[in-house]
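**Student:** Give me the fold of what follows.
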Amino acid sequence: MKQISWKVKVTIWYTFFVVLITGFAMFSITRYAKQTFAVTHVEELEEAVDDFVDDMEFEDNSVEAGRDGYYDNDMVFSIYNDYGELVNGYVPKYFPLNTKLKDETSQMIEFEDLQWRTFDKRVEEDGHVYWVRGIMYETRSVAMEKTMLWIELSVLPILVLLAAIGGYFITRRAFAPVEEIRQTAESIAKGGDLSERVPERKAKGELQRLAKTFNGMLDTIESTLEEEKQFTADASHELRTPIAVIIAESEYGVMDDVTDEERQEALEVILEQGNKMSLLVSQLLTMSRSENNRQNAQYEKVNISK
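**Tutor:** Have a look, this model is predicted:
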């Protein structure tokens with residue numbers, strides 16, 4: 001199974017938090033708007049009831065609505081006597097008739113899937129007590145809430161898409177120096193060219209310091225390898241001379257016309273060159289152990305002027 005890259009992981013987390021914050025913001029706006037609609041509708045209904053009361057016509061023991069009647073857009077009005085009996089006006093179908101009258105109070109009435117908002121006002125005229133009830137259909141609130149919900153559901157996928165695309169490009173740009181470091185390391189591993197370096201100008205902040213550290217590491221490795229190459233060349237040169245002398249003296253010593261004295265001299269030369277090679281190898285071994293921290297260096301005071 002292919003592992004998910006860090007760019008995709010960061011993009012997913014970024015998109016998740018954007019969706020979370022956006023969803024919370026939309027929920028808060030919707031709740032605030034719903035409360036605002038409710039307050040606005042209560043004020044509107046209260047004002048309509050006051051206007052209806054001002055226009056009421058009283059004659060003897062009867063009461064009638066004014067010239068505007070019992071209807072006003074999505075509101076209807078009804079008149080009750082002091083016993084709670086309907087005298088005039090209109091009551092919506094399915095509206096619970098046993099709803100209690102409450103002076104100067106707004107109520108939310110629900111019956112199955114229907115909703116109404118009411119506002120009651122007590123009126124006294126010529127010793128008679130009447131109740132005026134204004135009833136508002138909640139169709140406007142429901143329509144507004146549905147409209148807001150539709151807008152939110154339409155906007156949210158667009159925001160999610162924009163957040164995902166924008167987050168991916170931002171993350172891709174942020175991780176570009178890391179990808180360059182990876183490509184440089186891969187190129188060095190395949191080609192062996194330690195002269196390659198990561199462009200530091202494209203990186204910023206921590207990634208720039210990472211690029212500088214990586215380039216510094218490459219400088220150290222390249223310098224170390226160059227020193228090892230030079231050391232190997234010098235050691236080879238130092239060993240080549242005694243080996244050549246040993247071979248030459250050995251070939252000379254095995255010749256038939258060589259006297260015992262000359263053969264003895266050849267053996268002495270071979271021994272001398274062998275001791276030099278042994279000393280050189282011993283020094284190389286000491287240096288190798290020192291570099292691997294397997295042998296502690298012993299320091300001595302030296303008079304440089306001598």
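
**Student:** Counting by contacts, list what the one helix or strand V53 maps to packs against.
**Tutor:** V53 is part of helix 6-55 when elements are defined by DSSP states H and E. On a contact count with 3 or more Cβ pairs under 8 Å, 6 or more residues apart in numbering; DSSP states H and E, helix 6-55 meets strand 75-81, strand 105-111, strand 114-125, strand 128-137, helix 139-174. C-betas here are computed from N, CA, C, even on glycine.

**Student:** Give the buried residues for the first one.
**Tutor:** Spelled out, it's strand 75-81. If you call a residue buried by 16 or more other Cβ atoms under 10 Å, then strand 75-81 has these buried ones: 75-80.

**Student:** Please apply the same query to the second one.
**Tutor:** Using 16+ other Cβ under 10 Å as the test for burial, strand 105-111 gives S106.

**Student:** Which strands and helices lie in contact with it?
**Tutor:** If contacts are counted by 3+ Cβ pairs under 8 Å, 6+ apart, strand 105-111 sits against helix 6-55, strand 114-125.

**Student:** Minimum distance to E227: which of those has it?
**Tutor:** Across these, E227 has its closest neighbour in helix 6-55 (37.0 Å, Cβ to Cβ).

**Student:** Give me the contacts around the following helix or strand past that closest one.
**Tutor:** Following helix 6-55 in sequence order, the next helix or strand is strand 57-59 (DSSP H and E). For strand 57-59, the external contacting residues (Cβ atoms under 8 Å, 6 or more residues apart in numbering) are 63-66, 125-126, 128.

**Student:** Can I get the buried part of those as one ChimeraX selection?
**Tutor:** Buried residues among the contacts of strand 57-59 (16+ other Cβ under 10 Å), as a ChimeraX selection:
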select :63,65
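
**Student:** out of the helices and strands packed on helix 6-55, which comes closest to D219?
**Tutor:** Taking Cβ to Cβ, helix 139-174 is the member of the helices and strands packed on helix 6-55 nearest to D219, at 25.8 Å.

**Student:** by contact count, what packs against the closest one?
**Tutor:** For helix 139-174, the packing partners by 3+ Cβ pairs under 8 Å, 6+ apart come out as helix 6-55.

**Student:** Just give the number of residues close to V132.
**Tutor:** V132 is flanked by 23 other residues according to other Cβ atoms under 10 Å.

**Student:** Find the residue closest to V178 in space, skipping its chain neighbours.
**Tutor:** Distance criterion Cβ to Cβ, 6 or more residues apart in numbering; nearest residue to V178, sequence neighbours excluded, is L207 at 6.7 Å.

**Student:** Need phi/psi at that neighbour.
**Tutor:** Phi and psi for L207, reported as degrees, to the nearest 10, are phi -70, psi -30.

**Student:** now swap in N88 and tell me
**Tutor:** The phi/psi pair for N88 (degrees, to the nearest 10) is phi -150, psi 170.

**Student:** All set, thanks.
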